[in-house]
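Engineer: need coordinates for the following:
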Amino acid sequence: MAYRDVAQHFGDLITRKNYSAAWQLLAEEAQTSITPEDIQAAVATMIAYAPGPIQTAQVMEEFIVEDWPGKQRGDLAVVYVALSGESFSEAVTLTLAQYGEETLIRHLEWGRP
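Structural biologist: Residues are numbered from 1 along each chain as shown. Below you'll find the predicted structure:
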C-alpha cells in the first residue's frame, strides 16, 4: 500500500473509532510504546474542547513532505491528515516508513502544529 493510502486508512480508522486496527498500522517500534488505548486517549484529549466525534479524515496533499532534516533510513514521507468534526478541525502528523514489503507508521504526532 502506498504511504498516502496508509495515512488515509489510519485516519479513516480513527473516524470509525477502530483504534485497535489503527494501532496495527504502526511499526513494531511504535507499538512498543503506544497502545490502542493510548490512541483513543490522545484522540479524546485532542477533541475534548468540541462536541461531537471526528467525522472525516483527509490526507492533505499540499503538506506531504518527502525530504526533511532528521529523515531516517527507510522513511518515505511525513503526512498531515486532517481530522474534522462538526465544529472542529484537528490533525495527526504521521511519519511513514518502509519495513520490508510493508509501509507502516514509524511516528505520530497529534494535533495541529
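Engineer: how near is Ser84 to Pro53?
Structural biologist: Between Ser84 and Pro53 the computed distance is 10 Å (C-beta to C-beta, to the nearest Å). To be clear about C-beta, it is placed using only N, CA and C from the backbone, and glycine gets the same treatment.
Engineer: hmm, Gln58 and Arg4 touching each other?
Structural biologist: No: taking contact to mean C-beta atoms under 8 Å, the distance of 11.0 Å between Arg4 and Gln58 leaves them out of contact.
Engineer: for this protein, what spans make up the strands?
Structural biologist: In the chain, the segments counted as strands under DSSP state E are 56-59, 75-84, 89-99, 102-110.
Engineer: give the buried residues for the longest helix belonging to the chain.
Structural biologist: Longest among the helix segments of the chain by residue count, using DSSP state H, is helix 3-15. Going by neighbour count (16 or more other C-beta atoms under 10 Å), the buried part of helix 3-15 is Tyr3, Arg4, Val6, Ala7, Gln8, His9, Phe10, Gly11, Asp12, Leu13, Ile14, Thr15.
Engineer: which of these lies closest to Val65?
Structural biologist: Tyr3 (11.3 Å; C-beta to C-beta).
Engineer: that closest one reaches Thr103, doesn't it?
Structural biologist: Yes: with contact defined as C-beta under 8 Å, Tyr3 counts as touching Thr103 (5.1 Å).
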